[in-house]
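Asks: any chance you can model this:
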Amino acid sequence: MEFEQALEIVKGAIAPKIARTLTEVEIALLFGAWNNLTYDRIAERSGYSINYLQRDIGPKLWKLISDALGRKVNKTNLRGIITHFDTPTAIPQPQVQRSIYWGEAIDVSSFQGRVEEIETLTQWIIQDRCRLITLVGMGGIGKSTLAAKVAQLLQEQFEFVIWRSLRNAPRLETLLSELVPFLSNQQDLQSKPERLLYWLQTHRCLVILDNQETILQAGNCAGYYQPDFTDYDELLQLLGEACHQSCILLTSREKSAQVAILEDLNGAVRSLSLNGSWETSLALMDSKQLRGTDAEKRRLCELYCCNPLALKIVAASIQSLFEGNINSFFQENILVFNGIHRLLNRQFERLSPVEKTIMYWLAINREWTTIAELQDDIVPPISRATLLESLESLTRRSLIKKRSGEYTLQPVVMEYVTIANAIPHRINRINTELSQVSRQAPEYLIDEYTDYCYFSKPD
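Replies: Numbering: from 1, shown residues only. Coordinates of the predicted model:
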């Protein structure tokens with residue numbers, strides 16, 4: 001039996017005895033007793049003192065449950081006794097009424113693929129009872145679509161499901177003023193983090209917060225909140241660390257620093273980095289009626305990292321310009337144009353100056369590059385600590401590929417950086433400093449890089 005089932009049994013048993021719901025501290029104590037935690041551990045996780053739990057709340061709660069069940073109940077035997085009552089007729093069960101608000105959730109009626117990711121998220125949400133999960137991936141990769149599909153599949157497992165987009169960067173008080181009343185059936189109008197936590201403890205809720213990156217800083221390392229939104233950081237830390245029976249599912253183009261600190265592969269806070277899906281991408285090729293061999297279709301998917309949005313954009317252009325012929329498109333040897341440029345530009349604009357410099361040099365090298373090689377390449381020089389910090393930030397943004405301490409760019413990102421951005425102009429003395437570069441970058445790129453900086457010098 002899961003704790004949520006046990007909690008419903010307790011609620012049903014005590015309902016005739018008291019004219020109120022269980023309090024936050026009572027639920028925390030029940031959760032600890034159910035999971036065989038010591039009073040010390042319960043106090044540490046809940047924030048209440050040991051004396052308050054052991055000498056005040058505990059005795060009153062055990063007596064209340066004992067009177068309701070007609071058996072002596074304490075912290076030690078709670079699980080055994082409640083399990084005994086796990087029958088349809090043992091205790092009257094309250095009617096569960098579900099409340100669902102989909103908001104701006106994406107239509108997933110034609111969803112395909114992502115079987116492995118759905119299985120992973122189902123395991124994390126249902127079996128592992130994760131409290132906070134972040135779906136991370138570059139723009140257009142399908143984070144919101146996957147979140148909507150998972151929420152649709154699992155909605156019967158929750159009393160409340162609510163989807164809220166952060167695209168317009170709502171202040172935390174505004175968000176709480178929507179979540180708390182909804183999760184309390186309009187009984188609670190207090191826009192406070194602790195009230196949200198209380199209702200997440202009282203009910204089994206699934207809360208999806210879409211587009212978290214809009215409240216994070218741009219032009220700085222990934223994962224840090226804008227000055228007016230730091231209270232989100234505190235809220236998510238609270239929801240990740242405190243005991244509750246619900247799940248918060250975030251989608252974001254970059255992982256927040258707080259989530260990176262809290263997450264644990266076997267813990268209650270986790271993140272899933274979303275890459276492209278071959279099955280989804282190939283199905284999209286067919287739905288757009290593109291003409292080409294299987295190899296050509298797979299090559300097209302690979303060039304655009306199996307990114308569904310990028311493939312939809314390029315498929316529309318192939319239909320418009322080349323009558324759906326993939327090979328004719330390949331002959332043009334151009335990956336970045338129109339919507340593709342805009343898609344990548346939105347993400348590139350969020351980078352810090354050092355991150356942009358790293359992207360430029362990875363594009364120049366056009367091959368797997370080690371940290372030491374990058375440090376030798378970059379001019380003017382940056383410290384090792386700054387380089388490592390920026391590489392970690394780019395990884396959180398899902399903009400670079402890595403393997404065994406080496407880094408490179410995906411094909412479409414590489415072309416965007418080298419061509420769409422006309423090779424960086426921020427290093428004015430590059431034509432003299434390139435002589436210090438220790439590695440052999442492609443000559444035509446070195447020439448273009450040098451010429452651009454030479455002709456962009458002020459008179």
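Asks: the helices in the stretch 351-459 of the chain, which residues?
Replies: Assigned by DSSP state H, counting those that start in this stretch, the helices in the stretch 351-459 of the chain fall at 353-365, 371-377, 384-396, 411-415, 430-433, 443-455.
Asks: hey, least reliable of the ones you listed by pLDDT?
Replies: The minimum mean pLDDT among these belongs to helix 430-433 (a mean of 41).
Asks: show me which helix runs longest in the protein.
Replies: Longest helix in the chain, counting residues (DSSP state H): helix 308-322.
Asks: if you average pLDDT over that one, what comes out?
Replies: 91.
Asks: any idea which helix or strand comes after it?
Replies: The helix or strand immediately downstream of helix 308-322 is helix 326-332, counting by DSSP states H and E.
Asks: which other residues reach that following helix?
Replies: L290, R291, G292, E296, K297, R299, L300, V314, S317, I318, L321, F322 (Cβ atoms under 8 Å, 6 or more residues apart in numbering). The way it works is simple: take the backbone N, C-alpha and C, and place the C-beta from them, glycine included.
Asks: centre of the chain to it, how far?
Replies: Offset of helix 326-332 from its chain centre (Cα atoms, centre = their mean, to the nearest Å): 35 Å.
Asks: next, the closest residue to R98 other than its chain neighbours: phi, psi?
Replies: Ranked by Cβ to Cβ, 6 or more residues apart in numbering and with sequence neighbours excluded, the top spatial neighbour of R98 is E159, at 5.9 Å. Backbone torsions of E159, given as degrees, to the nearest 10, read phi -80, psi -30.
Asks: what comes up buried for stretch 35-49?
Replies: L37, Y39, I42, A43, R45, S46, Y48 (16 or more other Cβ atoms under 10 Å).
Asks: from F3, how far off is the second one?
Replies: Going back to what we said before, that points to Y39. Relative to F3, Y39 is positioned 18 Å away (Cβ to Cβ, to the nearest Å).
Asks: now do the fifth one
Replies: Here the criterion is Cβ to Cβ. By it, R45 lies 14 Å from F3.
Asks: would you agree L153 is in contact with L121?
Replies: No - in this structure L153 lies outside contact range of L121 using Cβ atoms under 8 Å: 9.2 Å.
Asks: who has more neighbours out of these two?
Replies: Using other Cβ atoms under 10 Å, the more surrounded residue of L153 and L121 is L121, with 25 against 15.
Asks: leaving out chain neighbours, which residue sits closest to the more buried one?
Replies: V150 (4.9 Å).
Asks: equivalent analysis for Q237, please.
Replies: Q258 (5.6 Å).
Asks: how many neighbours does that neighbour have?
Replies: Residues within reach of Q258, counting by other Cβ under 10 Å, total 20.
Asks: so it versus N35, what's the distance?
Replies: Distance of Q258 to N35, given as Cβ to Cβ: 25 Å.
Asks: so how far is the host helix or strand of S144 off the chain centroid?
Replies: Taking DSSP H and E as the criterion, S144 maps to helix 143-154. Remark: helix 143-154 is offset 12 Å from the chain centroid, using Cα atoms, centre = their mean.
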